[in-house]
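1. have a look at this prediction, sequence included:
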Amino acid sequence: MSLKFLFIYCLLQFACLYGQNLIEAANQPNIVMIFTDDQGYHDVGCYGSEISTPNIDRLATEGLKLTEFYAASSICTPSRFGLLTGQFAHRSQDHLLGALMFLSEKDAERGIHSHELTYVSRLADAGYQTALVGKWHLGHGTKDFWPTKHGFDSFFGHTGGCVDFFTLNYGIKPDWYRGEELVEVEGYATDVITDEAVRVLHGQADSKKPLYLHIAYNAPHFGKGYDHKENTTVNVMQPKPEDLQKVTEIEDPLRRSFAAKVVGLDEGIGRILQTLDDLKMTENTLIIFMTDHGGDPDYGGSNLPLRGGKATLYEGGLKVPCLIRWPGKIEPGSVSDDVTCAVDFYPTLLEIAGSDLGKQQLDGISLVPVLKGNSLPTRPPLVFVTGSHQELKRKSWKAVRDGKWKWIQPPGKEGQLYNLESDPNEEHNIADKHPQIAERLNILVQEQIQ
């Protein structure tokens, strides 16, 4: 072998080894996913909110801010399904296109099935210790739907969609578990979730296994009224009085209540970040902050300047904050306007963990190029479908984002087309001016949901 050939061969081998990962040098980082509830695009300080969120904002300062990030749905259950499986919920066996109704018997036989693999299961196979703290909302009736059957080694939280923030019950029904056993826990929900997350981190500090910690806060959330049929109060997801005192400058009482819950949440996230610092885990921990869908303006959430909110497929229902920090791997203070989505985390996290994707069909693509500061080479269209829900008075929606184009069909209306580059707030329907584009996107949606 000539010296010239040997030199070239060695260069190629080095390039291959270096290109395998952003990953191996980090030696399978710990991964912390912070997933909040009903928190809109304008409900985080670094996205322009009047609500102070210094700890969440720290992740933007020290990491990557995504400005064109979409939840997997504008409703709780399908959003969570999309995040964990890398598939939009219209592919789910039980057509999880709307929220499972809390602990309702009507939804007891619906949820995420064993063949609907989560990236958590794949991470566990790759050697990760896995824990879920907080809200599940992917099936409550049979334990086959529960997190411990979908890759989580441990679970501490509630199976349904909401609990009283002070009693941790859903009305008169207990719904707080450790593993698969009901437990009695005292405290305010946000604090209880934070306390457990901190406990998990302390327990993992000296472990030789990497950790995947999924922290699913049920704050901010919403709620008012009383369901006499279920004997259940639904106005119980309220802030602590002391947190209300921290946002007295906000005049509107509904917005002030919402802001107080965000402030309490931000303080909890601050404790988690401080714990990572104290345990010297920060440098080898990838941390992600995102919300499950847009905020609900009827309950104090804000998605300004975007149109719409929770349960709609306008931008305000789908586009949400997302921040990613990974010291030494992600450039501090970086910003990406690539179109990204929660379904992308399945392939992204498995690539980072050095795991293959398996055979499951995925709607997501790896965001590793974005984490490195590059643009995505391609972006398949994002297809969103929600289902009608009589109890929640919601109707079916359909939408697709393809490049600069957004096609959307609200319930009972004709399809609408928007150019999001020139009209990000969806103010000017141009379907009549571009009928071929509108029809192409309509057909794309119909083909996926058949």
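-> Yes, it's here. Remember, it's a predicted structure, so these values are computed and weren't measured experimentally.
2. I'd like the distance between Pro435 and Arg178.
-> 56 Å (Cβ to Cβ, to the nearest Å). For every residue, glycine as well, the C-beta is placed using N, CA and C.
3. please disregard the earlier target; I meant Tyr217.
-> 18 Å.
4. more neighbours: the two, which one.
-> Using other Cβ atoms under 10 Å as the criterion, Tyr217 and Arg178 rank with Tyr217 on top: 27 against 13.
5. what's near enough to touch Pro369?
-> Ser375, Leu376, Pro377 (Cβ atoms under 8 Å, 6 or more residues apart in numbering).
6. next one: Ser114
-> Asp144, Lys149, His150.
7. pLDDT weak spots in the stretch 1-150 of the chain?
-> For the stretch 1-150 of the chain, the stretches flagged by pLDDT under 70 are 1-26, 99-105, 108.
8. the strands in it, which residues?
-> Secondary structure of the stretch 1-150 of the chain (DSSP state E, counting those that start in this stretch): strands at 30-37, 64-66, 69-70, 129-135.
9. quick check, Tyr418 in contact with Ile437.
-> No. Tyr418 is beyond contact range of Ile437, at 10.7 Å (criterion: Cβ atoms under 8 Å).
10. shared neighbours, the two?
-> Trp405, Trp407.
11. of these two, who's got more company?
-> Per other Cβ under 10 Å, whichever of Tyr418 and Ile437 has more neighbours is Tyr418, with 24 against 16.
12. any idea whether the more buried one is helix, strand or coil?
-> Following DSSP: H, G, I helix; E, B strand; the rest coil, we place Tyr418 in the strand state.
13. tell me the secondary structure for the nearest residue to His42 once chain neighbours are set aside?
-> Setting aside the residues directly before and after it, His42 is nearest to Ser302 in space (Cβ to Cβ, 6 or more residues apart in numbering), at 4.0 Å. Classification of Ser302 using three-state DSSP returns coil.
14. mind listing what Ser302 touches?
-> Shown in contact with Ser302 (Cβ under 8 Å, 6+ apart): Gly40, Tyr41, His42, Asp43, Ser49, Arg255, Gly295.
15. now with 10 Å, please.
-> 39-43, 47-51, 255, 258-259, 294-296, 309, 316 (Cβ atoms under 10 Å, 6 or more residues apart in numbering).
16. with Leu417 instead?
-> By Cβ under 10 Å, 6+ apart, the neighbours of Leu417 are 405-408, 426, 428-435, 437-439, 441-442.
17. go again using 8 Å as the cut-off
-> Trp405, Lys406, Trp407, Asn429, Ile430, Ala431, His434, Ile437, Ala438, Leu441.
18. can you confirm the third one is in a strand?
-> Yes. Trp407 forms part of a strand when assessed by three-state DSSP.
19. how close does it get to Leu376?
-> Distance from Trp407 to Leu376, by Cβ to Cβ: 21 Å.
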